[in-house]
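*Asks:* need coordinates for the below:
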Amino acid sequence: MKNKPLQNSLRELLWRRQLTDAERAGLQAQPEIQVDLEIESRLSEVLARLPDAPVSSNFTTRVLQAVERESMRPRTTDWSWSWTWHVLVPRMAVAVVVIAFAGVGIYHNELNTRRAALAKKVVLMAAVQSMPSVDALKNFNAIQRMSQPHADDELLVLLR
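*Replies:* Numbering: from 1, shown residues only. All right, here's what the predicted structure looks like:
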């Protein structure tokens, strides 16, 4: 594989001219390159013997005119429907999916943050408030009636 650049440069040289005796002598040490380049050399010789293809007398003029017409043609950058359909729609779809995933992620993060705050409040309230004693629960109805204001009927009769 390290002989590949040498082989390519010799192949391109064969396209332009025949190898010199010194260059051929250098190939004797590398038989894998020599076989490939020999085939390339024979192919170049056969191609050189082929007659040139006939072209019209104004061929060069016609080619140059075609090049000039191509360079004078205005470059259009219109937003055709096919460009919009094949390029813009997939990009928009990817953008929508990314935004949707980001929104769902932010929503779940906010939900977990609220749950954690609620759990902290519940733990705090459980530690602060203790349960009432059993005696207070036995007399709960009496204690509740005592806390409600009620009129003293005997006192009201005396005041009249």
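*Asks:* all helices of the chain, in order?
*Replies:* Secondary structure of the chain (DSSP state H): helices located at 4-16, 21-27, 31-49, 59-72, 81-83, 89-128, 134-138, 140-147, 153-159.
*Asks:* quick one: average pLDDT of the fifth one?
*Replies:* Averaging pLDDT along helix 81-83 gives 62.
*Asks:* repeat for the third one
*Replies:* When pLDDT is averaged over helix 31-49, the result is 81.
*Asks:* for that helix, packing partners?
*Replies:* helix 4-16, helix 21-27 (3 or more C-beta pairs under 8 Å, 6 or more residues apart in numbering; DSSP states H and E). Every residue, glycine included, has its C-beta placed from N, CA and C.
*Asks:* returning to what we had before: output the helices of the chain as JSON lines; include the columns mean neighbour count.
*Replies:* Below are the helices of the chain laid out as JSON lines (neighbours: other C-beta atoms under 10 Å):
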{"stretch": "helix 4-16", "mean neighbour count": "13"}
{"stretch": "helix 21-27", "mean neighbour count": "12"}
{"stretch": "helix 31-49", "mean neighbour count": "12"}
{"stretch": "helix 59-72", "mean neighbour count": "10"}
{"stretch": "helix 81-83", "mean neighbour count": "9"}
{"stretch": "helix 89-128", "mean neighbour count": "10"}
{"stretch": "helix 134-138", "mean neighbour count": "9"}
{"stretch": "helix 140-147", "mean neighbour count": "9"}
{"stretch": "helix 153-159", "mean neighbour count": "8"}
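*Asks:* need the least confident one among those helices, by mean pLDDT.
*Replies:* For these, mean pLDDT drops lowest on helix 81-83, to a mean of 62.
*Asks:* give me the most central residue, this protein.
*Replies:* In the chain, the residue lying closest to the centroid (C-alpha atoms, centre = their mean) is residue 94, at 8.9 Å.
*Asks:* quick one on the thing from earlier: between the helices and strands packed on helix 31-49, which gets nearest to residue 112?
*Replies:* Residue 112 lies closest, by C-beta to C-beta, to one member of these: helix 4-16, at 59.4 Å.
*Asks:* re the thing from before, looking at the helices and strands packed on helix 31-49, spot the one closest to residue 54.
*Replies:* Closest of these to residue 54 is helix 4-16, at 23.1 Å (criterion: C-beta to C-beta).
*Asks:* kind regards, and thank you for your time.
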